[in-house]
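Novice: Compute the structure for the input listed below.
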Amino acid sequence: MYIAIAGNIGSGKTTLTEMLTARYGAKAYLEETDNPYIGDFYNDMNRWAFNLQMYFLGSRIRQTMEMLVDRSADIFQDRTVYEDAYIFADNLHQMGLMSSRDINTYMSIFNLVTNLIPHPDLLIYLKASVPTLIEQIRRRGREYEMNIDEAYLQRLNDKYDDWIEHRYHGEVLVIDKDREDFVQNPAVVEKICARLDAIKQQEKHGAAE
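Specialist: Prediction:
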């Protein structure tokens with residue numbers, strides 16, 4: 001099975017990806033945290049927005065190629081290429097930080113790539129309020145994230161909610177991080193795994209038919 005984990009900055013995607021990968025003996029595809037543009041981006045978003053998003057898109061393309069080649073194990077992916085485009089790049093364009101020319105170039109490459117991408121069997125959306133995001137961002141202590149604007153995070157949250165509710169076509173499991181802390185509450189993990197086990201059973205029945 002191919003499971004994608006989506007959510008805003010600081011929502012806990014990597015933590016959940018690692019937990020589920022260990023549980024299912026699966027393969028994890030984590031978001032790169034060493035993007036060479038990310039520190040510059042947070043200091044000067046207007047100058048570095050296009051560079052940042054193109055680097056993330058290239059990273060996601062590499063991940064996708066690996067996923068297409070190796071399907072010998074279950075796959076958990078930390079953030080999807082769809083979020084790069086519909087949440088982050090689109091938000092930067094609406095904020096005036098990516099020009100129309102740049103967003104059109106970006107989307108032409110994105111549209112080409114998405115024709116090759118397998119669709120997730122399930123998208124797990126980690127929904128979290130801005131105070132929860134800020135708390136977790138501060139807790140993990142990445143220097144380049146310390147000055148993230150709360151209004152920026154709220155804009156991303158609004159885009160995530162719109163994407164999940166109106167634009168994404170596929171199976172979705174929403175985890176409300178404000179109330180469902182999968183790190184502190186094992187019952188939340190069991191809820192997620194029950195959904196994943198049901199998918200695996202469906203796959204087995206489908207293969208047997």
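Novice: so the nearest residue to residue 20 once chain neighbours are set aside bridges to which residues?
Specialist: Spatial nearest neighbour of residue 20, excluding adjacent residues (Cβ to Cβ, 6 or more residues apart in numbering): residue 76 at 5.3 Å. Just so you know, the C-beta spots here come from the backbone N, C-alpha and C atoms, and that holds for glycine as well. Beta-bridge partners recorded for residue 76 (DSSP bridges): residue 3, residue 28.
Novice: Look through this structure and tell me its longest helix.
Specialist: Identified as the longest helix of the chain according to DSSP state H is helix 45-69.
Novice: Buried residues of that one, list them for me.
Specialist: 45, 48-57, 59-61, 63-64, 67 (16 or more other Cβ atoms under 10 Å).
Novice: just the helices in the chain please.
Specialist: 13-24, 38-43, 45-69, 81-83, 90-94, 100-114, 130-140, 150-162, 186-208.
Novice: quick one, which of those is packed in tightest?
Specialist: helix 81-83 (a mean of 22; mean count of other Cβ atoms under 10 Å).
Novice: elements contacting that one?
Specialist: helix 45-69, helix 100-114 (3 or more Cβ pairs under 8 Å, 6 or more residues apart in numbering; DSSP states H and E).
Novice: Skipping its backbone neighbours, what lies nearest the most centrally placed residue in the chain in space?
Specialist: Centroid-nearest residue in the chain: residue 79, 2.0 Å away (criterion: Cα atoms, centre = their mean). The shortest distance from residue 79 to any non-neighbouring residue, by Cβ to Cβ, 6+ apart, is to residue 31 (4.7 Å).
Novice: related to what we said a few turns ago, so what's the residue count around the residue nearest to residue 20?
Specialist: 28 (other Cβ atoms under 10 Å).
Novice: for this protein, which spans come out with low pLDDT?
Specialist: Filtered on pLDDT under 70, the chain yields the residue ranges 205-209.
Novice: cutoff 50 now
Specialist: Along the chain, no part satisfies pLDDT under 50.
Novice: Any idea which of the helices and strands packed on helix 81-83 gets closest to residue 164?
Specialist: helix 100-114 (17.4 Å; Cβ to Cβ).
Novice: packing partners for the closest one?
Specialist: Identification of packing neighbours for helix 100-114 by 3+ Cβ pairs under 8 Å, 6+ apart yields helix 45-69, helix 81-83, helix 90-94.
Novice: Check the offset of that helix from the chain's centre.
Specialist: Taking Cα atoms, centre = their mean, to the nearest Å, one finds helix 100-114 lying 18 Å from the centre of the chain it belongs to.
Novice: That one vs helix 45-69, what angle?
Specialist: 10 degrees (axes from the mean of the first three to the mean of the last three Cα atoms, to 10 degrees).
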